[in-house]
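Novice: sequence and predicted structure are below.
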Amino acid sequence: MRFAVLAALLGLALHPRPAAAQGPPDWAIALHGGAGTIARDMPAARAEGYRTSLGRSLDIGRRILERGGTSLEAVTAVVRSMEDDSLFNAGKGAVYTHEGTHELDAAIMDGATLGCGAVAGLRTIRNPILLARLVMEKSPHVLMMGAGAEAFGKSVGVETVDPKYFDTQRRREEWRKALEEDKTGTVGCVALDRHGNLAAATSTGGLTDKRFGRVGDVPVIGAGTFADNRSCAVSCTGKGEEFIRRTVARDVAALVEYKELPLREAAALVVHGKLRPRDGGLVAVSRRGDIALVFNSSGMYRAAADARGLRLVAIWDE
Ligand code: ASP
């Protein structure tokens, strides 16, 4: 355990801040595009494609926060852009269910108000994160699922698509091989804005070949997604069942809030000390603007930036 915490701290040392940076940053953002078995020998062009996409989404959020936009606006825009990017398992590019369909889950949380909205098992909503936000803002509920959630979406004018929109050749091939491999992936974003408010958003197609209406951690507030101005914002990725059992996102926040642990220590404790090896990882940002990017799988697509000049895009330990 000690080693894990130390490793996390060393991980930070690999990405030192610019020497001129002083005081806490007044905005900060981190995102992930999924954790899991990411082959180190992936073709260079493909890795480069991921880095370009991660950097592009990061810049969308960075620009919003730089001009004084809200963390809620930033995490929504970032996750939406990743849902539209077929490289990631969310929105376009989502994995296939056992029946050859797509069932999408998403959640968003506002750390200032503890307002939250989540959706599960969507088949026709182009951007699940937008519907999650509408559940938060335009309904008295927190979590809506399936056909009911889609009917609510129509009533509030969210964009719908033919389910074929989510088909991609690459995911279809993965699905065919799914019994041999354990494929995961998700997108998520956490942010602190210049007004001192935190937000978290997460969106996923879930696990390849899932069945029986399986829902993972993403739309379970406190498991895959959590934000509270008193502590931090967290977005997780990995084997959803394990994140639900261990209330991973909330645990990180509780360690920061009640035990006053530094964010990275809290995140490392939960990811390396509570989760099982290779379960996945998370991105988090604290109310002080600290960023944690922690995973126990072979890699995690991730990126981060802050007002002090940090800019990082990475896939493996690098
Ligand atoms: N956590 C997601 C789920 O279990 C999948 C992932 O992040 O890879 O649905």
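Specialist: Yep, it's here.
Novice: quick check: bridge partners of residue 198?
Specialist: residue 192 (DSSP bridges).
Novice: repeat for the one 5 residues further on
Specialist: Residues found in beta-bridge contact with residue 203 (criterion: DSSP bridges) are residue 106, residue 187.
Novice: these two touch, right, it and residue 105?
Specialist: Yes. At 7.3 Å, residue 203 and residue 105 qualify as touching, with contact defined as C-beta atoms under 8 Å. Using the backbone N, CA and C atoms, a C-beta is placed for each residue, glycine as well.
Novice: which residues do those two both contact?
Specialist: Here residue 203 and residue 105 share the contacting residues 128, 218, scored by C-beta atoms under 8 Å, 6 or more residues apart in numbering.
Novice: which residue packs closest to the residue positioned nearest the centre of the chain, ignoring adjacent ones?
Specialist: Nearest to the mean C-alpha position of the chain, by C-alpha atoms, centre = their mean, lies residue 188 at 1.9 Å. Taking C-beta to C-beta, 6 or more residues apart in numbering as the measure, residue 188 lies nearest to residue 235, with 3.0 Å between them; neighbours along the chain are not counted.
Novice: count of residues packed around the one you found?
Specialist: Using other C-beta atoms under 10 Å as the criterion, residue 235 is surrounded by 32 other residues.
Novice: please identify the buried residues of the helix or strand containing it?
Specialist: Secondary structure assigned from DSSP states H and E places residue 235 in strand 232-238. Using 16 or more other C-beta atoms under 10 Å as the burial criterion, the residues of strand 232-238 that qualify are 232-238.
Novice: name the nearest of these relative to residue 33.
Specialist: residue 237 (8.2 Å; C-beta to C-beta).
Novice: a strand runs through residue 301, doesn't it?
Specialist: Yes. The assignment for residue 301, made by DSSP: H, G, I helix; E, B strand; the rest coil, places it in a strand.
Novice: isn't it right next to residue 57, touching?
Specialist: No. In this structure residue 301 lies outside contact range of residue 57 using C-beta under 8 Å: 10.2 Å.
Novice: overlap of the contact sets of these two?
Specialist: With the criterion set as C-beta under 8 Å, 6+ apart, the overlap between the contacts of residue 301 and residue 57 is residue 33.
Novice: how about the secondary structure of the residue nearest to residue 266 when sequence neighbours are not counted?
Specialist: Nearest in space to residue 266, with sequence neighbours left out and distances taken as C-beta to C-beta, 6+ apart, is residue 255 at 3.7 Å. Local secondary structure at residue 255 is given as helix here, using three-state DSSP.
Novice: where does the prediction get shaky in this protein?
Specialist: Low-confidence segments of the chain, defined by pLDDT under 70: 1-22, 178-184.
Novice: for the ligand, what are the nearby residues on it?
Specialist: For the chain, the residues found near the ligand under the criterion C-beta under 6 Å from any ligand atom are 34, 184-186, 204, 206-207, 216-218, 224, 237-238, 240.
Novice: which one of those is nearest residue 259?
Specialist: Each of the residues of the chain next to the ligand was scored against residue 259 by C-beta to C-beta, and residue 224 proved nearest at 21.8 Å.
Novice: before we move on, the earlier item: spit out the contact partners of the residue nearest to the centre of the chain.
Specialist: For residue 188, the residues meeting the contact criterion (C-beta under 8 Å, 6+ apart) are 31-32, 79, 200-203, 218, 224-225, 235-237, 283.
Novice: ok, now residue 232?
Specialist: Residues counted as contacts of residue 232 (C-beta under 8 Å, 6+ apart) are 190, 198, 252-253, 256, 263, 266, 284-287.
Novice: top of those by neighbour count?
Specialist: Using other C-beta under 10 Å as the contact criterion, the top neighbour count among those goes to residue 190, which has 37 neighbours.
Novice: so which strand or helix has that residue?
Specialist: If you go by DSSP H and E, residue 190 is part of strand 187-192.
Novice: then that strand to CSV, C-alphas only?
Specialist: Written as CSV, here are the backbone C-alpha positions of strand 187-192 (Å, rounded to 0.1, in the frame of the first residue of the first chain):
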residue,chain,number,x,y,z
VAL,A,187,-15.1,8.7,-21.2
GLY,A,188,-15.2,11.2,-18.4
CYS,A,189,-14.2,14.7,-17.3
VAL,A,190,-13.8,16.6,-14.1
ALA,A,191,-13.2,20.3,-13.7
LEU,A,192,-12.7,23.2,-11.3
